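> predicted coordinates and the sequence they were generated for:
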Amino acid sequence: MDSKEEKVVLEWQRSEPVDPSILTEEFCANARKILDMGIEEMPGYSFDCVCGKHHSVDMKHLLSGSGAVERLPEILENYKEAKDKKILLLCDKNTWVAGGEKTISVLEKAGYNVKILTLETENYPVLVPNEHALGTVLANLTDDIGFMIGVGSGVISDITKLVSHKTGRHSIVVGTAPSMDGYASINAAFVIGGHKITYNAHYHTCIVADTKIMQTAPDELFRAGYGDIVGKYTALSDWRLTRDVNDEHYCEITAQMVENAVNICVDNTEAYFRREESAIERMNEALILTGISMGITGYTRPASGSEHHLSHYWELDAVEKGIPHPLHGNSVGLASIASAEVYDIMSKRFEVVANVKAPKPDFLREIYSKAGSALTPAELGVSEDVFRASLKNGYKIRPRYTIFNFTRDHGMLEEVADMVADKMCK
């Protein structure tokens with residue numbers, strides 16, 4: 001490695017500098033190997049990274065592609081508790097139709113004993129991951145259940161993941177929509193006591209990303225996955241900003257993994273929305289890659305920033321009022337435009353912000369317009385009052401430094417928030 005490359009590598013992680021003597025060509029090649037892997041190769045891979053941390057993908061199995069659910073018995077064959085005891089299958093009324101019936105057919109044909117639990121939230125149009133949902137699953141988790149399978153997307157995946165983690169069971173998720181990046185995350189998001197709380201959980205033992213199942217998901221879910229992925233542009237910007245302002249840990253290889261995922265998504269936009277199966281598989285890869293990025297770093301920085309704070313603010317406001325809220329990824333898409341607007345304003349006043357090279361808001365609008373995504377709060381179903389309030393208070397949702405914290409610290413948040421709200425709500 002020449003001295004210029006070595007300098008770049010060392011600047012990736014300033015707070016935990018790597019001894020230059022270990023930065024051999026082989027060391028760096030091993031760290032970068034994950035960038036060239038197919039997603040089915042990643043489970044079990046570990047490496048010492050040039051950022052100073054040891055990264056590992058602690059997931060055991062990953063099945064992707066057309067008809068992937070048919071291979072599910074191959075995975076379960078490795079687990080005595082799945083063969084000797086019952087499997088609890090979690091779904092809601094929509095995901096039962098999308099993938100539950102197919103999954104049950106595969107399992108019963110292979111001789112597995114399955115108990116089905118269909119979850120719902122009373123007096124609410126969609127399933128909310130709250131205390132009631134958790135209690136319902138725990139009440140049905142009898143001693144004769146040895147394994148858990150969730151059939152669904154974000155909410156079902158998180159409920160399955162957290163309960164299996166807390167009770168010491170293995171879990172599998174059969175994804176029903178390319179709608180979010182949490183399939184491969186070690187975190188689980190819940191609404192507890194009216195607050196959005198992220199809990200540490202574990203990797204699913206296996207992710208099943210069957211493109212045949214996902215191909216039938218509603219348009220809104222397709223757009224949600226797209227929004228969740230493209231929103232990583234601002235998440236990465238926030239990560240670079242806090243690296244430069246607060247010397248926070250930063251891993252360039254992980255950041256590159258996420259950026260590669262976004263590029264995969266954007267490059268396949270038209271084919272994805274034509275529901276071409278190969279493009280859906282690329283989207284699944286992108287979503288899983290960003291989930292893995294959070295797992296190998298041990299925190300959500302690579303895939304979640306100010307755009308997620310705004311999205312969570314809108315969701316919590318809707319839940320409190322008992323009204324439907326936009327899907328997470330669709331909210332993230334619009335929120336990333338708002339965050340980019342703040343970056344655009346602040347980059348003209350502060351060099352440290354300009355150096356982050358955040359995406360321009362019109363660049364994001366152009367991308368999202370191809371997907372038919374909401375470009376204004378009104379189109380998303382968020383009122384101007386809530387939108388304006390979120391710009392001023394959304395950063396409080398998580399103790400994570402973003403462009404909104406930077407703007408507040410410089411006494412400009414009220415002014416900038418009103419500027420962005422005036423522009424986006426007109």
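Noted; the coordinates are in hand.
> next, the closest residue to residue 275 other than its chain neighbours: phi, psi?
Once flanking residues are discounted, residue 275 sits nearest to residue 215: 5.6 Å by C-beta to C-beta, 6 or more residues apart in numbering. C-betas here are computed from N, CA, C, even on glycine. As for residue 215, its main-chain torsions (degrees, to the nearest 10) stand at phi -60, psi -20.
> residue 215 contacts residue 280, correct?
Yes. Using C-beta atoms under 8 Å, residue 215 is in contact with residue 280, at 5.8 Å.
> so how many other residues sit close to the residue nearest to residue 275?
16 (other C-beta atoms under 10 Å).
> do residue 234 as well
Residue 234 has 31 neighbours, counted by other C-beta under 10 Å.
> ok, the one 3 residues further on next?
With neighbours defined by other C-beta under 10 Å, the count for residue 237 comes to 25.
> for it, give its distance to residue 266.
16 Å (C-beta to C-beta, to the nearest Å).
> confirm residue 91 sits in a strand?
Yes. When classified by DSSP: H, G, I helix; E, B strand; the rest coil, residue 91 is found to be part of a strand.
> count the residues that sit near the nearest residue to residue 194 once chain neighbours are set aside.
Using C-beta to C-beta, 6+ apart and skipping residues adjacent in sequence, the residue nearest residue 194 is residue 320, 6.0 Å away. By other C-beta under 10 Å, 10 other residues sit near residue 320.
> look up how far residue 183 lies from residue 320.
28 Å.
> same check on residue 349?
39 Å.
> between those two, point out the one with more neighbours.
Comparing residue 349 with residue 183 by neighbour count (other C-beta under 10 Å), the higher total belongs to residue 183, at 29 against 12.
> that one against residue 290, yeah?
No. Look at residue 183 against residue 290 with C-beta under 8 Å: they stay out of range, at 9.8 Å.
> now the common contact residues for the two.
Listed as contacting both residue 183 and residue 290 by C-beta atoms under 8 Å, 6 or more residues apart in numbering is no residue at all.
> quick one, phi psi at the spatially closest residue to residue 199 that is not a sequence neighbour?
Nearest residue to residue 199, sequence neighbours excluded (C-beta to C-beta, 6+ apart): residue 188, at 5.1 Å. The phi/psi pair for residue 188 (degrees, to the nearest 10) reads phi -140, psi 130.
> next, the contact list for the most centrally placed residue in the chain, please.
Centroid-nearest residue in the chain: residue 181, 2.9 Å away (criterion: C-alpha atoms, centre = their mean). Listed by C-beta under 8 Å, 6+ apart, the contact partners of residue 181 are 225, 228, 229, 287, 288, 290, 291, 303.
> got phi/psi on the closest residue to the fourth one other than its chain neighbours?
When you say that, I think you mean residue 287. Counting by C-beta to C-beta, 6+ apart, residue 181 is the residue found nearest to residue 287 once chain neighbours are left out, at 4.6 Å. Main-chain dihedrals, residue 181, degrees, to the nearest 10: phi -100, psi 10.
> tell me the spacing between residue 181 and residue 294.
Plainly put, residue 181 is 8 Å away from residue 294 if you go by C-beta to C-beta.
> any residues in contact with both of the two?
Common neighbours of residue 181 and residue 294, using C-beta under 8 Å, 6+ apart, are residue 303.
> any idea how far residue 401 is from residue 230?
22 Å.
> I meant residue 310, not that one.
For residue 310 relative to residue 230 (C-beta to C-beta), the value is 15 Å.
> neighbour count: these two, which is higher?
For the pair residue 310 and residue 230, the greater number of neighbours falls to residue 310 (30 against 26), based on other C-beta under 10 Å.
> determine the three-state secondary structure at the residue nearest to the more buried one when sequence neighbours are not counted.
Distances taken as C-beta to C-beta, 6+ apart place residue 335 nearest to residue 310, at 3.7 Å, with adjacent residues excluded. Residue 335 carries the three-state label helix when classified by three-state DSSP.
> quick check: next helix or strand after the helix or strand of the chain with the lowest mean pLDDT?
Lowest mean confidence among the helices and strands of the chain (mean pLDDT, DSSP states H and E): helix 3-12, at a mean of 32. The helix or strand immediately downstream of helix 3-12 is helix 25-32, counting by DSSP states H and E.
> what packs against that following helix?
For helix 25-32, the packing partners by 3 or more C-beta pairs under 8 Å, 6 or more residues apart in numbering; DSSP states H and E come out as strand 46-48.
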